[in-house]
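*Asks:* for reference, the sequence and a predicted model appear below.
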Amino acid sequence: MNRKFSYHHTPAKSYAHRLKSKTAISDEVLIITSFDYFLDKNGLKLLLKKYKEIILVPRMVDDDYLLNQTIRPLLEKFDKIHLVTNPQYDSRYHVIYELVIRNNKSIRITTVYDFCENVLKKVYIPDDIAEENPAMPRRLSFDGKVRAVKNIIDLVLSIVLFALSSILWLASAFRIRQESPGPIFYFQERTGLHQAEFKCIKFRSMGTDAEANGAAFSRKKDSRIFKYGAIMRRTRIDELPQLINIFKGDLSLIGPRPERPVFIDTFEETVPYYNLRHGVKPGITGYAQVMYPYGAGVRDARHKLMYDLYYIKHWSIQLELKIILVTAIVVFTRKGR
């Protein structure tokens, strides 16, 4: 398989999945013996630039198949093996290691926790709420120095953005009233720092009866969105009023996306460590938003959380500026949600 591929997570099957690359910079083969649900399309693209082949081995594969049908053929083609495993729940790395060494090949073993953070730049989130990540602290938050730096960035950039976008505020107000009679702004309950609720302000992009049947995730092609609303959502103009939330202290410019309280209970019951994202202010844009495609539901919440927790755990000025730059590219190339 070349690098043009489509990846969709499916339940574990009785055989290994194999991905091949023609442009890898390394002569290693990567074997992942944990469930592959922590991988997304961006992650696989990154790995296919690095490894000649990627072998995804589900837990249901027995040792005989793993060794004879998967590992032995690889040893005929490769001298270097990089094995990624979850040592808490998968002990098969022992038999793989012994086979590789007996064939005088090189092997390095990495835990899935270290692999996610060091290679994929995300934090490993277990698939099962009962499973733990030993590398995960009980609490995640920014220290006083980071908060001070972020407050300065928020204030300066928000003032600049407000000044530069003032004409868009006026134009948007006119178009919204023209296409969809009703209020210009839309106020929605969101959950912020330490799970405090606040009113998130946006330009209204849907009809006034959009949630007549109850709260629901928005979709890429949502019939509730009027014409100019779709333009605002694609270019993120609808989020400009959230600058007011920044001035009020509810939001930061960069951070985990503020979620609606109605969905949080479900996420906290089904997604391990979801509550840790509440240790920092949410943001208008964030690492998860620029790294993961638009999506809704528990599966997407888990993937986005991996990036959000990496952002909190490994915050730096460079990462902050990267997110700002990528967000600007997304807005100006009109590749938003």
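*Replies:* The structure has been received and is ready for your questions. Numbering: from 1, shown residues only.
*Asks:* wait, isn't V149 in contact with I317?
*Replies:* Yes - V149 is in contact with I317 according to Cβ atoms under 8 Å; the separation is 7.1 Å. C-beta: built from backbone N, CA, C; applies to glycine.
*Asks:* of the two, give the one with the bigger neighbour count.
*Replies:* The neighbour comparison of V149 against I317 (other Cβ atoms under 10 Å) goes to V149, with 14 against 11.
*Asks:* where's that one, which helix or strand?
*Replies:* Element membership of V149, judged by DSSP states H and E, is helix 144-164.
*Asks:* between whichever helix or strand comes after that helix and helix 144-164, what angle do the directions make?
*Replies:* Downstream of helix 144-164, the first helix or strand assigned by DSSP H and E is helix 166-179. Relative orientation of helix 166-179 and helix 144-164, computed by axes from the mean of the first three to the mean of the last three Cα atoms, to 10 degrees: 70 degrees.
*Asks:* so after helix 166-179, what's the next helix or strand?
*Replies:* strand 185-191.
*Asks:* that following strand pairs with which strands, and in what direction?
*Replies:* Strand 185-191 has the following sheet partners, assigned by DSSP bridges: strand 197-203 (antiparallel).
*Asks:* which parts of the strand it pairs with are buried?
*Replies:* Neighbour-count burial for strand 197-203 flags F198, C200, I201, K202, F203 (criterion: 16 or more other Cβ atoms under 10 Å).
*Asks:* next secondary structure after that strand?
*Replies:* Next element after strand 197-203 (DSSP H and E): helix 227-235.
*Asks:* quick one, domains of the chain?
*Replies:* 17-120, 144-332 (automatic domain parsing).
*Asks:* those domains: which one's closest to N133?
*Replies:* Closest approach to N133 among those (Cβ to Cβ): domain 17-120, 5.7 Å.
*Asks:* and the helices in the chain?
*Replies:* Here the chain has its helices, by DSSP state H, at 41-48, 63-65, 72-75, 93-102, 112-115, 144-164, 166-179, 227-235, 242-248, 261-270, 287-291, 298-313, 317-332.
*Asks:* what separates the last one from the chain centre, distance-wise?
*Replies:* Same thing as helix 317-332. 15 Å (Cα atoms, centre = their mean, to the nearest Å).
*Asks:* that helix packs against which elements?
*Replies:* Packing partners of helix 317-332 (3 or more Cβ pairs under 8 Å, 6 or more residues apart in numbering; DSSP states H and E): helix 144-164, strand 252-254, strand 283-285, helix 287-291.
*Asks:* next one: the first one
*Replies:* Judged by 3+ Cβ pairs under 8 Å, 6+ apart, helix 41-48 is in contact with strand 53-56.
*Asks:* sheet partners, orientation included, of the strand it packs on?
*Replies:* Assessed with DSSP bridges, strand 53-56 is paired to strand 17-20 (antiparallel), strand 29-32 (parallel).
*Asks:* lowest-confidence stretch among these?
*Replies:* Confidence, taken as mean pLDDT, is least for strand 17-20 of the strands paired with strand 53-56 (a mean of 86).
*Asks:* and D128, its phi and psi?
*Replies:* phi -100, psi 130 (degrees, to the nearest 10).
*Asks:* so what's the residue nearest to it when sequence neighbours are not counted up against?
*Replies:* Excluding its sequence neighbours, the residue lying closest to D128 (Cβ to Cβ, 6 or more residues apart in numbering) is P272, at 7.5 Å. For P272, the contact set (Cβ atoms under 8 Å, 6 or more residues apart in numbering) comprises I125, P126, D128, I129, E131, E132, N133.
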